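**Q** The amino acid sequence is not available; the structure is as follows:
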């Protein structure tokens, strides 16, 4: 099969490498443009150039230049790995077998660009990887492969992705391509009665309400790490909480009920308390241990987070 690969970031690079290592015929690669001031090289671009693959970096996939470029490659299949732009139907129609996409949830649940965040925030105990055909919708196409993973009680988005969904996704992208090439893929339509769509998560979605239960706040903190960071205010400045642990305790929600210089500070919730362990305060770009913050800011018992 003649494959046009569309992707970015280290995940895209590893998926492209897996396809090449599997002996697939990748006839072209689309990735995001280089951006001024970006840190390090574009991983997908780097691998494409290293392997001598035709490369295009359009600002948007719907650009006429991108459509014409793909048309000239006469693809059998588009393979998407970490794509944040909408693939136009006109491009999908250029490929004999259309396109396939990696999505980090058990579709049709948690469609959208922040599936991992919302699954953790909502207290799910499992999620997974879905490889599905792409169509005009967002994550709505028939499912080719799907596998589950557990969301452990202390998982963050970072640990869930890098330790579980990332390596599994690389394997499954390559497997799905092989099944399609061998004529063994059996796409199954998604059950729309089970579908849910969550928007891309923003800072406004992750402000902490200390009146909620310890578990809900803990899930919010885990589901916002490494981005955008659950937050509250302290002394009138934004305080992002990156790490915390549920502990026993009681008090007015949002009140600091204990200060532990070596570890951090405990804040009362609606039904218990959280020990705050890592923070980022005000205009400070550094994430620091909460124990150090306690000392630097001279945090005292009885102060309030809002």
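**A** Perfect, thanks for sending it. Keep in mind that this is a model prediction, so the values were computed, not measured. Numbering: from 1, shown residues only.

**Q** Just say helix, strand or coil for residue 15.
**A** Reducing the assignment to helix, strand or coil with DSSP: H, G, I helix; E, B strand; the rest coil, the entry for residue 15 is helix.

**Q** now the end-to-end length of stretch 68-85.
**A** Separation of the first and last residues of stretch 68-85 by CA to CA, to the nearest Å is 17 Å.

**Q** Off-centre distance for that stretch?
**A** Relative to the mean C-alpha coordinate of its chain, stretch 68-85 is positioned 22 Å out (CA atoms, centre = their mean, to the nearest Å).

**Q** mind checking pLDDT for residue 40?
**A** What the model reports for residue 40 is a pLDDT of 80.

**Q** ok, it to residue 117 distance?
**A** Applying CB to CB, to the nearest Å, one obtains 25 Å for the distance of residue 40 from residue 117. For every residue, glycine as well, the C-beta is placed using N, CA and C.

**Q** These two - which one has more neighbours?
**A** For residue 40 and residue 117, the more surrounded residue by other CB atoms under 10 Å is residue 117, and the numbers stand at 26 against 6.

**Q** Just give me how far the helix or strand harbouring the more buried one sits from the chain centre.
**A** When secondary structure is defined by DSSP states H and E, residue 117 falls within helix 115-121. With CA atoms, centre = their mean as the basis, the distance from the averaged C-alpha position of helix 115-121 to the chain average is 9 Å.

**Q** With stretch 124-133 instead?
**A** Going by CA atoms, centre = their mean, the spacing between the C-alpha centre of stretch 124-133 and its chain's C-alpha centre is 12 Å.

**Q** Where do the helices of the stretch 151-300 of the chain begin and end?
**A** With helices called from DSSP state H, counting those that start in this stretch, the stretch 151-300 of the chain shows them at 157-160, 166-181, 214-223, 290-297.

**Q** most tightly surrounded among those helices?
**A** helix 214-223 (a mean of 23; mean count of other CB atoms under 10 Å).

**Q** Report the contact partners of residue 261.
**A** 291, 294-295 (CB atoms under 8 Å, 6 or more residues apart in numbering).

**Q** Looking at those, spot the one nearest residue 211.
**A** Distance to residue 211, by CB to CB, is smallest for residue 294 among the contacts of residue 261, at 23.8 Å.

**Q** Show me the strands in the stretch 51-200 of the chain, by range?
**A** Ranges of strands within the stretch 51-200 of the chain are 55-56, 77-81, 99-103, 126-133, 143-150, based on DSSP state E, counting those that start in this stretch.

**Q** which one of the ones you listed lies closest to residue 213?
**A** For residue 213, the closest of the strands of the stretch 51-200 of the chain is strand 126-133, at 21.0 Å, according to CB to CB.

**Q** Grab the nearest non-local neighbour of residue 145.
**A** Across the structure, with CB to CB, 6 or more residues apart in numbering as the measure, the residue nearest residue 145 apart from its sequence neighbours is residue 131 (4.3 Å).

**Q** and that neighbour, how many residues sit next to it?
**A** Other residues near residue 131 number 27, with proximity taken as other CB under 10 Å.

**Q** With residue 132 instead?
**A** 25.

**Q** List the residues that contact the nearest residue to residue 22 once chain neighbours are set aside.
**A** In space, not counting the residues next to it along the chain, residue 22 is nearest to residue 174; the distance is 5.2 Å by CB to CB, 6+ apart. Taking CB under 8 Å, 6+ apart as the contact definition, residue 174 lies against 15, 18-19, 22, 24.

**Q** which of those residues has the most neighbours?
**A** Neighbour max across those (other CB under 10 Å) = residue 15, 27 neighbours.
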